[in-house]
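Student: Dropping a prediction and its sequence here:
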Protein chains: 2
Amino acid sequence: MAEPNRSSDTLLFLTDEQLRQGIEAMFFAYSSFTSDPDRILADMAYGRAHHRAIHFINRAPGTTVNNLLSILGVTKQSLNRVLRTLIEDGLVESHVGKADKRERHLYLTDKGRALEGVLSDAQRARMRAAYKYAGPDAVVGFRAVLEAMMDPEMRRAYGRLKETGK
Amino acid sequence: MAEPNRSSDTLLFLTDEQLRQGIEAMFFAYSSFTSDPDRILADMAYGRAHHRAIHFINRAPGTTVNNLLSILGVTKQSLNRVLRTLIEDGLVESHVGKADKRERHLYLTDKGRALEGVLSDAQRARMRAAYKYAGPDAVVGFRAVLEAMMDPEMRRAYGRLKETGK
DNA sequence: CTTGGAATGTCAACAAGGCTGACATAAGCT
DNA sequence: AGCTTATGTCAGCCTTGTTGACATTCCAAG
């Protein structure tokens, strides 16, 4: 830790081997990261796609279908299939927009919020343990690298959500 | 943002909002992270699963199917389909084990190594840019949190690969 | 030595969740 | 009135995950 000297740093942390380890760390960490919600959802008729929809509807209640599409980066047909089952099952409500009646605004029902809670509790528990173990300074670095890795469009979406969370 | 004082740090970096931002950062970053290879592979008849197989065969030439299975965390049937097409297309060679003839040892052909190079160049370029932008200290934190996030089994696999790379 | 179980790999069939294309409807905008 | 936007739907395809059934090979117990 502490501060290794600056000159050797700038040479060594960008080697192909370092980069490859970062790539592999992303792969393994992401597998673990998604495994808890996946396990919970496996029993129900839902999958990761449902989780993502539920997460972002909870995060930005009243969001439109179009907005959700741009966040998730999938096609409307793909999202629609997921949304339809969530609405049928009473986890999500879709309300026609007041100002613009073409839009549908999406909200979680109590039932939807309950599932969201279970899923995000599991995911946060893992994240909390990792944060705690690695420490505050590491967390700052973690977030900085992830943000730098995002495509500009994704970074904007991410930034807007950060604002939302106050 | 400068340095908030130490005592408040240990309290504040584990709030639900902080954790949620970490979760969302993982989602957005991983989307971007996989987008370059995905784009390259879209034209060929391959997908992300092929990329993963190629990556790890390149990383540990001569690895067995079973070993690859435990790294990738999928079923042997799933891996086998991917492997079959890669072998048919002459990107991967499969040799029956000498000691144990049940095993197949996997190697990239020149053609396979060529594709691996293109894919990992693209992925490394993104990682390099992110590392460079965030700086060496951030990279240390990034890797620490990712490693802490992994399931123990994944962490072991990751650790073994790190050794391999010397 | 034989035989039964374990390890390894293959084939077939199915499901989730991406994708594209075509099209319908309603509502807003010029 | 006519173009554009937002949404939803149907149909069909692809990748990549799953299980089940089965063949081959190895090894160890009897």
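Tutor: Yep, that arrived. Since the structure is predicted, the reported quantities are computational estimates derived from the model, not experimental observations.

Student: Now do the same contact list for A:Lys101.
Tutor: Residues near A:Lys101 by CB atoms under 8 Å, 6 or more residues apart in numbering or on different chains: none. Backbone N, C-alpha and C define where each C-beta goes, glycine included.

Student: In three-state terms, label the nearest residue to A:His95 once chain neighbours are set aside for me.
Tutor: Nearest residue to A:His95, sequence neighbours excluded (CB to CB, 6 or more residues apart in numbering or on different chains): A:His105, at 4.9 Å. Put simply, A:His105 is strand when judged by DSSP: H, G, I helix; E, B strand; the rest coil.

Student: quick one, what contacts A:His105?
Tutor: Contacts for A:His105 were tallied using CB under 8 Å, 6+ apart; they are A:Gly62, A:Thr63, A:Thr64, A:Ser94, A:His95, A:Val96, A:Gly97.

Student: Can you tell me which of those residues are buried?
Tutor: Using 16 or more other CB atoms under 10 Å in any protein chain shown as the burial test, the contacts of A:His105 include A:Thr63, A:Thr64 as buried.

Student: what's the most distant pair in the contacts of A:His105?
Tutor: Spatial extent of those (CB to CB) is set by the pair A:Thr63 and A:Val96 at 14.3 Å.

Student: picking that back up, for the contacts of A:His105, which one is nearest DNA strand D?
Tutor: Of all the contacts of A:His105, DNA strand D sits closest to A:Thr64, with 3.4 Å by CB to the nearest atom of the strand.

Student: beta partners of that closest one?
Tutor: With DSSP bridges as the criterion, A:Thr64 is bridged to A:His105.

Student: ok, now how distant is it from A:Arg113?
Tutor: 19 Å (CB to CB, to the nearest Å).

Student: returning to what we had before: how close does the residue nearest to A:His95 get to DNA strand D?
Tutor: As defined by CB to the nearest atom of the strand, to the nearest Å, A:His105 lies at a distance of 8 Å from DNA strand D.

Student: before we move on, what about A:Asp121?
Tutor: 24 Å.

Student: That residue: how many residues sit nearby?
Tutor: By other CB atoms under 10 Å in any protein chain shown, the residues close to A:Asp121 number 13.

Student: Name the helix or strand for it, please.
Tutor: Using DSSP states H and E, A:Asp121 sits within helix A:110-134.

Student: quick one: that helix near chain B?
Tutor: Yes. Applying CB under 8 Å from any CB of the partner chain, one finds helix A:110-134 in contact with chain B at A:Ser120, A:Gln123, A:Arg124, A:Arg126, A:Met127, A:Arg128, A:Ala129, A:Ala130, A:Tyr131, A:Lys132, A:Tyr133, A:Ala134.

Student: Pull out the buried residues from those residues.
Tutor: Of the residues of helix A:110-134 next to chain B, these count as buried by 16+ other CB under 10 Å: A:Ser120, A:Gln123, A:Arg124, A:Arg126, A:Met127, A:Arg128, A:Ala130, A:Tyr131, A:Ala134.

Student: Among those residues, which one lies nearest to DNA strand C?
Tutor: A:Gln123 (15.9 Å).

Student: contacting residues for that closest one?
Tutor: Going by CB under 8 Å, 6+ apart, A:Gln123 touches A:Phe33, A:Asp36, A:Pro37, B:Ile23.

Student: Please name the nearest non-neighbouring residue to the second one.
Tutor: Closest residue in space to A:Asp36, ignoring its immediate chain neighbours: A:Ala122 at 4.0 Å, by CB to CB, 6+ apart.

Student: wait, what's in contact with that neighbour?
Tutor: A:Asp36, A:Pro37, A:Ile40.

Student: That one and A:His51: what is the separation?
Tutor: Counting by CB to CB, the gap from A:Ala122 to A:His51 is 10 Å.

Student: Please identify every residue contacting each of those two.
Tutor: A:Pro37.

Student: So for stretch A:60-78, what gets flagged as buried?
Tutor: Result for stretch A:60-78 [16+ other CB under 10 Å]: buried residues A:Ala60, A:Thr63, A:Thr64, A:Val65, A:Asn67, A:Leu68, A:Ile71, A:Leu72, A:Gly73, A:Val74.

Student: is DNA strand D contacted by that stretch?
Tutor: Yes. Legend: contact between stretch A:60-78 and DNA strand D by CB under 7 Å from any atom of the strand is shown at A:Thr64, A:Val65, A:Asn66, A:Asn67, A:Leu69, A:Lys76, A:Gln77.

Student: Now do that stretch: distance to the chain's middle.
Tutor: What separates the centre of stretch A:60-78 from the centre of its chain is 13 Å, taken as CA atoms, centre = their mean, to the nearest Å.
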